[in-house]
Every structure is written in structure tokens, then in C-alpha cells.
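Participant: model the following, please.
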Amino acid sequence: MSFLMPLIVFIAAAVAGSLIGLKFWIRPKEAIERVTGVGVVEPEEAPVHPSLIFRDVLQKLGNLIPASPKDVTVMQRRMIRAGIRNPAALKYLYGAKLALAVAIPVFVTILVAGTDWDPANKFVVIAGAGAIGFFGPNEYVNLKAKKRQKEISRGLPNSLDLMVVCVESGLGLDQAILQVSKELEHAHPDISEEFALVNLELKAGKRRVEALRNLSERTASDDLKKLVAVLIQADRFGTGVAQSLRAHSDFMRVQAKQIAEEKAAKLGVKLVFPIFFCILPSLFVVTVGPVVVKIIRELIPMMNGI
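Facilitator: Model prediction:
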């Protein structure tokens, strides 16, 4: 009897634990529903943002324009120089060209329809609007690329000084490039991004010379090309990187000073036309105006009376 009572308690506890496990842990009903697909609630689709719809429309329109491989290569290079590296960006560009080439002429046609212009002039205006809509995105990419090159050239002296400090403190050139890309992430994001890409190419196994040449090709900045040439020559001929960077930094400082002096020398010539057309008329109005008014009020009536 003393043995039977613990056995009954053990069996009851085991059965109770098994039932609780089947109910709350294993849940065979949910498992069966998940396998058979019965009672499964399909997740609701997330709402699509209007900008994504517009982007998809541009991509579909871009697929309609046939492009030669040569033009594709040229435009991809321009977009990379502008900092646009999305693989589908070229399709968006062609889609924007097609959409603007249709939308702008339609809008201009509505504007000039009610005017009394000559039909030939209307046709020229509409054709010009179509040309602006088709070639406008290309000019936008070119302007953005030029602006990015200016930003890179503006941030290059600071990055070069920081690179000199890193190299002279004992870091290698690869680590110095990585450190510069981290430190200038907020001050000069464009050049920081380019140096980060150089570091990624080096990690991927490319040679340093090839990675630096890719840097100059991506940016097409003259100042950055000079820096790349200095680094390649220092790596090829075995000269000190720190010494080469410091000499190039001094050269860039002198060049920046000369460019500033040149702009200051041109300032007097550039101010001639604003002074002549904007400041001198106001001076004449202030100085000669009261005299002219007095002559009209007093001298002319006096002469008429004589």
C-alpha cells in the first residue's frame, strides 16, 4: 500500500503534465492547421508609398527606350561621377527623359493654344520644349557631377592633411585611407564615400594601384587625379609615402593660394558691369534727381515767361 500511493501520484502528475504540454506547448491543432493551410490568415499587404509607384512607372518607361551599349556605358560613368550608384538608376533616367519629353510639350501646347502666334513659331516652341524635356535629365546629371567634383576638390586639402598626420603617426596607407574616410564622414561626405570604396576594393583583393586608378576614374577630379598619381609613383618607386604626401600637400596649399589671388585680381573687372548697371543709376537718381526736379519746377516756367 505504501508503494501503490506514490505510483498513483506519479502517474497522475505525468498525465497532467502531458495534457498541459499538449495544450500549451505542442498545440497539435495549430500544427495541423499550419501544415494543411486551414485557418491560416494571409498577412495584409503593406501600403505602397506614392514615390515607389512613381519610381516603378519611370522604370517601366525606361525599358521602352532602346539604348546602345556605348551610350549606356557613358551615362553610367556620368551617373557614378554624380554619386548615383543605384543599378536601376539608368532606367529611371531614361524613364524621366521619356516622361518629360511628353509632359512638357503637352503643357506648352496647352499654354500656346489660345495665343495668336504664328503656327511655325508654335511648332518651334513645342519642339524646343520636347528637346528640353528629353535632354534636361542629362544636364541635371552633368551639373550634379560637376558639383560633386567641386565638393571633392574642396575637401581634398583637409583629407590630405589628415592623411599626412595618419601616415606620419605610423599607420600604413590603407589604414590611413580608412581613417580619413571615417573622420570626414560628416564634414566631407563625398570624398569620405570615395575613400571608403577604395578601402572596400582593397579588402576585396584588388591591388592598390588598381583601386587608386578606379578612384580617379570614378570622380574625374583633376586634384584627386594628381593625388592618385603621387601615391602610385610613391608605391612604384619605393619613396616615402609621408614625404610624398607632405610635398603634395604643400603644393596644393600654394595652388589654392594662387587660385584665390587670381580670383581676387579678377574681381575688379567682374564688378564693372554690376556697378555700371546697378549702382550708378541709383547714384544719379539720388544726386542729380533733386536738381532736375528743381529745374523742371522753377527754371522752365521762368524761361517760358520770358
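
Participant: mind showing which ranges of the stretch 51-200 of the chain have poor pLDDT?
Facilitator: Within the stretch 51-200 of the chain, the segments meeting pLDDT under 70 span 51-72.

Participant: ranges for the helices of it?
Facilitator: Secondary structure of the stretch 51-200 of the chain (DSSP state H, counting those that start in this stretch): helices at 69-81, 89-112, 119-168, 173-183, 189-203.

Participant: and the last one, what does it pack onto?
Facilitator: Okay, so that is helix 189-203. With contacts defined as 3 or more CB pairs under 8 Å, 6 or more residues apart in numbering; DSSP states H and E, helix 189-203 has these neighbours: helix 119-168, helix 173-183, helix 208-219. C-beta here means a position set from N, CA and C on the backbone, and glycine is covered the same way.

Participant: now these as CSV including mean neighbour count and distance to V228?
Facilitator: As requested, those are arranged in CSV below (neighbours: other CB atoms under 10 Å; distance: least, CB to CB, whole Å):
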stretch, mean neighbour count, distance to V228
helix 119-168, 16, 11
helix 173-183, 19, 11
helix 208-219, 18, 4
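
Participant: of all the ones you listed, which one is nearest T287?
Facilitator: Distances from T287 to each of those were compared using CB to CB; the minimum, 41.9 Å, belongs to helix 119-168.

Participant: how about the nearest residue to the spatially most central residue of the chain, chain neighbours excluded?
Facilitator: Within the chain, the residue whose C-alpha comes closest to the C-alpha centroid is G83; the distance, by CA atoms, centre = their mean, is 4.6 Å. The shortest distance from G83 to any residue other than its chain neighbours is 5.3 Å, reached at R148 (CB to CB, 6 or more residues apart in numbering).

Participant: wait, that neighbour touches H188, no?
Facilitator: No - with contact taken as CB atoms under 8 Å, R148 and H188 are classed as non-touching, separated by 11.1 Å.

Participant: just to revisit the earlier point, mind checking how far the residue nearest to the centre of the chain is from I152?
Facilitator: When distance is defined by CB to CB, to the nearest Å, G83 is 10 Å away from I152.
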